[in-house]
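**Q** Here is a sequence with its predicted model. Questions after.
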Amino acid sequence: MAAPGKETLLEWYRTMVLIRRFEERCAELYQQGKIGGFLHLYIGQEATGVGIVSALRKNDHVITAYRDHGIALAVGMDPKHVMAEMLGKRTGTSGGKGGSMHLADRSRNFWGGYGIVGGHLPLAAGIALKARYLEQDEVVVCMMGDGATNIGYFHESLNLSAIWDLPVVWLVENNGYGMGTAVDRASGQPEIVKRAIGYGIKEGPRIDGMDTLAVHDAVSEAIAHASKHGPILMESLTYRFEGHSMGDPERYRTKDEVARYTEGDPIGRLRGYIIDQYKGAAKNLEAIEQEVVKTIAEAVEFAEDSPVPTYDDLVSHVYA
Ligand SMILES: Cc1ncc(C[n+]2csc(CCOP(=O)(O)OP(=O)(O)O)c2C)c(N)n1
Ligand SMILES: [Mg+2]
């Protein structure tokens, strides 16, 4: 696959730094009681999110679970309105009624943002069925955690995708744990891609999910496969640097293990690659870092200054 050029690499870098800084601020706002509910950070997994979104073609779709801030920002949702959603404000992307786990933007074919583990897999199959039925060349990339692969929806959705020949990339973000349970304690077959054989679908690769370029290339190939031949199951091997959600005491892993992974920080890796490839790119990277700090400050200001939903907002869009 052709190597991405400097502008593309800088754009990926910008997005990854934006996600990291956005979530660092979210953690602070959570501690201050300004963000309520659950907050699951994507920190450490940015290469996977940005690698995937950068591989989508114009009309492709992406759907994910509750660890969704990175995808929202990578598809280009405005950080101001995403931050307002985090704070439950009226100007938020779901009018302040969804919060952290329910970011979505139909205009960008980003279908959310779901809190029920595995609950979005049948929706991904449905979106793909629409494309297949209308003979549209659209692929759905359905991201899920390793934990979601042990839920009944996984079986139903992968089986349907096989018999209906649906254009889906089933993409497991394998970060080693489902809450505090390690993959090999939860899965009889911890090499999750091997389950493809049970459904008669293509067994895709297990890729280094900390390497943005590797994710981009592998997902581009998987999309090409899904578009021509139907479903494929692949894994991006990644790691979350923070706890499962805020307040996780993290008794299931050692500090040494976390330190080993943070040494291979995906943002640092992409930074190093760009500097190796392009002499003098350090100044571009620094400019991007400064610009992101400004973007986040503006997003927080916008969100804090925004009004909370009204009573009428509260009782609208409610199915009863
Ligand atoms: C159906 C269902 N069961 C249990 C939960 C509680 N729960 C929330 S997150 C989670 C772990 C999922 O882990 P994984 O799919 O690996 O995603 P990760 O958090 O690692 O991104 C569980 C069990 C839930 N939200 N939904
Ligand atoms: Mg997991």
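**A** That came through fine. Ligands and ions are numbered 1, 2, ... in the order given.

**Q** I figured M83 was touching S306, is that so?
**A** No - between M83 and S306 there is no contact under Cβ atoms under 8 Å: 9.1 Å. Placement of C-beta: from N, CA and C, glycine included.

**Q** which one of the two has more residues nearby?
**A** Between M83 and S306, counting by other Cβ atoms under 10 Å, M83 is the more crowded of the two (28 against 19).

**Q** what helix or strand is the more buried one on?
**A** Secondary structure assigned from DSSP states H and E places M83 in helix 79-86.

**Q** ok, and what's touching that helix?
**A** By Cβ atoms under 8 Å, 6 or more residues apart in numbering, the residues outside helix 79-86 that reach it are 18, 22, 25-26, 29, 35, 69, 72-73, 90-94, 96, 98-100, 103, 295-296, 298-300, 302-303, 306.

**Q** From those residues, which land in helices?
**A** The helices, defined by DSSP state H, take in 18, 22, 25-26, 29, 69, 72-73, 295-296, 298-300, 302-303 from the contacts of helix 79-86.

**Q** Report the buried members of these.
**A** The neighbour-count criterion (16 or more other Cβ atoms under 10 Å) marks 18, 22, 25-26, 29, 69, 72-73, 295-296, 299-300, 302-303 among those as buried.

**Q** Please, where are all the helices along the chain?
**A** 6-31, 46-55, 69-74, 79-86, 121-133, 152-163, 183-186, 196-199, 212-229, 255-263, 266-277, 282-305, 311-315.

**Q** who touches Y252 in this structure?
**A** Residues in contact with Y252 (Cβ under 8 Å, 6+ apart) are 177, 180-182.

**Q** If we use 10 Å, what do you get?
**A** 176-177, 179-182, 185, 243-244 (Cβ atoms under 10 Å, 6 or more residues apart in numbering).

**Q** before we move on, what about D78?
**A** Here D78 is in contact with 72, 84, 91, 93, 105, 295, 299, 302 (Cβ under 10 Å, 6+ apart).

**Q** Give me the contacts around stretch 176-192.
**A** 117, 144-151, 154, 170, 172, 174-175, 195, 197-198, 203, 206, 233-235, 237-240, 243-245, 248-253, 257, 261.

**Q** Which ones among those residues lie within strands?
**A** Cross-referencing the contacts of stretch 176-192 against strands under DSSP state E gives 144-145, 170, 172, 174, 203, 206, 233-235, 237.

**Q** which of those residues has the most neighbours?
**A** Within the ones in strands among the contacts of stretch 176-192, W170 tops the neighbour count with 34 neighbours, counted by other Cβ under 10 Å.

**Q** For that one, which non-adjacent residue is spatially closest?
**A** Nearest residue to W170 in three dimensions, chain neighbours excluded: L233, at 4.5 Å (Cβ to Cβ, 6 or more residues apart in numbering).

**Q** ok, back up a step: could you single out the nearest of the contacts of D78 to A281?
**A** T295 (20.2 Å; Cβ to Cβ).

**Q** Now tabulate the contacts of D78 in TSV and tack on pLDDT and distance to A214.
**A** Listed next are these as TSV, based on pLDDT from 0 to 100; distance: Cβ to Cβ, whole Å:
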residue	pLDDT	distance to A214
A72	98	23
A84	98	34
T91	98	37
T93	98	30
D105	98	27
T295	98	27
A299	98	30
F302	98	35
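
**Q** Make TSV out of those residues and add distance to ligand 2.
**A** Shown next, in TSV, are these (distance: Cβ to the ion, whole Å):
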residue	distance to ligand 2
A72	19
A84	28
T91	32
T93	25
D105	24
T295	29
A299	27
F302	32
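
**Q** tell me the contacts of D211?
**A** By Cβ under 10 Å, 6+ apart, the contact set of D211 is 47-48, 51, 217-218, 236-238, 264, 266, 269-270, 273.

**Q** do I223 as well
**A** Contacts of I223 by Cβ under 10 Å, 6+ apart are 52, 55-57, 60, 139-141, 167, 169, 232.

**Q** need the residues of the stretch 151-300 of the chain near ligand 2, please.
**A** The stretch 151-300 of the chain comes close to ligand 2 at residues 175, 178, as judged by Cβ under 5 Å from the ion.

**Q** So what's the residue count around the residue in the stretch 151-300 of the chain that ligand 2 sits nearest to?
**A** Closest contact between the stretch 151-300 of the chain and ligand 2, by Cβ to the ion, is at N175 (4.3 Å). N175 has 24 neighbours, counted by other Cβ under 10 Å.

**Q** Which pLDDT value does the model give it?
**A** N175 is assigned 98 on the pLDDT scale.

**Q** same question, A3
**A** In this model, A3 is scored at 88, pLDDT.

**Q** From ligand 2, how far off is it?
**A** As for A3, its distance to ligand 2 is 30 Å (criterion: Cβ to the ion, to the nearest Å).
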